[in-house]
Structure formats: C-alpha cells, structure tokens
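In: how does the following fold in three dimensions:
(one chain, ligands or ions: 1)
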Amino acid sequence: MKLKRTLTVGAVAAACAAGTTVGTTGIANADWRDCPDGSVCVWEHSNYNGRFLSGGTTVSNVGSAINDKTTSLWNRTGTVVCFFEHTNSSGRAVYVTGPGDSSPNIGNSANDKISSWGPCN
Ligand SMILES: [Ca+2]
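Out: Residues are numbered from 1 along each chain as shown. Modelled structure (predicted):
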C-alpha cells in the first residue's frame, strides 16, 4: 500500500506541474488553452480560470454550474457574439465580442451576469 500511495502522490504532483491552473471549484476547471478553435468559451474567474464552458456561436442556457458567474471569455469564432443576462439571448446584452476577441475580465457591467449568448443582430 505504501508503494501505491507514493505513486498516487507522484501523479498528482505531475498533473499540477503540467498546468498553471490549480483547481478550486472541483468541476470542469480549465484555462485558456482548453478553448477549442472555433468555439466561444467562458470562465468563472478572471484570467481564464475556474469553471469553464465552451460552445458554438449560440448557447441558449449556460447551465447552473456557471450561470451568472462568467468573468472572462474568448470568442474563437468568426462571428460577433453578444452575451445576455437571461437565457435564450434575452434581457440586456451585457457584453459584445468580435471574432477572435478575448477579455481576461469583462468588467463590472457584465461580471457574473451572463446566462446565454448568440450572434449579435
Ligand atoms: Ca465570476
């Protein structure tokens, strides 16, 4: 059992050394490198940390895990995307990103408000 415990600790240390993000929330932690090309990605915390969600140019409901929590985002699509305070692209558009735009902190007017996103009309 001692050998197994040593191996487990070693694996955790290796995983920590391989990435810059140390998990704090327990699920779907990620950093900016995990955002696939062609996706729109949002993160719970500033600087692309914490809970993470990626989707296409339309996500009608970000889900309870990250609803009203987004603080940083990256638009890796070719579309201008608007982020909304309610589901199904309703309510106020609190933030707009052009193709390729990213923000490590979307600011007080949009922070912890996003519930959905879609192409801007
Ligand atoms: Ca947040």
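
In: use CA for all of it now, contacts and neighbours both
Out: Noted.

In: show the subsequent helix or strand relative to the least confident helix or strand in the chain by mean pLDDT.
Out: Least confident helix or strand of the chain, by mean pLDDT, DSSP states H and E, is helix 2-18 with a mean of 41. Using DSSP states H and E, the helix or strand that follows helix 2-18 in sequence is strand 40-45.

In: dump the residue contacts of residue 79.
Out: 57, 98-99, 119 (C-alpha atoms under 8 Å, 6 or more residues apart in numbering).

In: and for residue 62?
Out: 53, 87, 115-116.

In: just those: which are in strands?
Out: 53, 116 (DSSP state E).

In: just the buried members of the contacts of residue 62?
Out: The neighbour-count test (16 or more other C-alpha atoms under 10 Å) marks 53, 87, 115-116 as buried among the contacts of residue 62.

In: which two from the residues you listed end up farthest apart in space?
Out: Greatest spacing in those, by C-alpha to C-alpha: 53 and 87 (15.1 Å).

In: setting aside sequence neighbours, what's the nearest residue to residue 42?
Out: residue 73 (4.2 Å; C-alpha to C-alpha, 6 or more residues apart in numbering).
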